[in-house]
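Novice: This is the structure alone, sequence omitted:
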């Protein structure tokens, strides 16, 4: 069994693309990691199946109480509303900056990279996302491409990105490698 690595899953209170939360979460657990759900506040967050409300999930810790030192990596699920709310949360943005400064790997799928753009950490990185983010990523200095998964180790930290739920098999495989859980 892999070392008990703690992986932060960064989400807003609603609008999370549920499969982009639950599928990587299950893979982290199966590989021996300890996933923790971080959000703007304690309570529950709401997953969505595209635009349809789905399940609720209990929050482990609020962003304001989190520190990069407590985690071995982070996952940023997508969902348009989720990502838009996240990039407007100063504590979430600060946590991402701290994770990057500490050289911790981050995996982000679909609209999740909006948080990375807001944190100003994509400059010089190669990544992918839902296609509607490509201009934002390029304007923030990232190298965007329409690929199933991109892994970039440039600038002292590993970034794994994918476009959408169809890419989850490749995303999960590369995410576990980046976290040392493969």
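Specialist: Thanks, I have it. These numbers come from a predicted model, not from an experiment. Numbering: from 1, shown residues only.

Novice: residue closest to the middle of this protein?
Specialist: For the chain, residue 76 is the residue whose C-alpha lies nearest the centre (Cα atoms, centre = their mean; 1.4 Å).

Novice: Just list the residues touching that residue, thanks.
Specialist: Residue 76 sits next to 9-10, 83, 86, 96, 106-109, 112-113, 115-116 when contact means Cβ atoms under 8 Å, 6 or more residues apart in numbering. Using the backbone N, CA and C atoms, a C-beta is placed for each residue, glycine as well.

Novice: let's see 7 Å
Specialist: Under the criterion of Cβ atoms under 7 Å, 6 or more residues apart in numbering, the neighbours of residue 76 are 10, 106, 108, 112, 115.

Novice: now the residues you listed as CSV including neighbour count?
Specialist: Output for the contacts of residue 76, formatted as CSV (neighbours: other Cβ atoms under 10 Å):
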residue, neighbour count
10, 28
106, 27
108, 29
112, 29
115, 27
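
Novice: and of those, the nearest to residue 128?
Specialist: The shortest approach to residue 128 among the contacts of residue 76 belongs to residue 108, at 9.7 Å (Cβ to Cβ).

Novice: I'd assumed residue 163 was in contact with the closest one.
Specialist: No. Assessed by Cβ atoms under 7 Å, residue 108 is found out of contact with residue 163, at 10.9 Å.

Novice: If anything else comes up later, I'll come back, but that's it for now.
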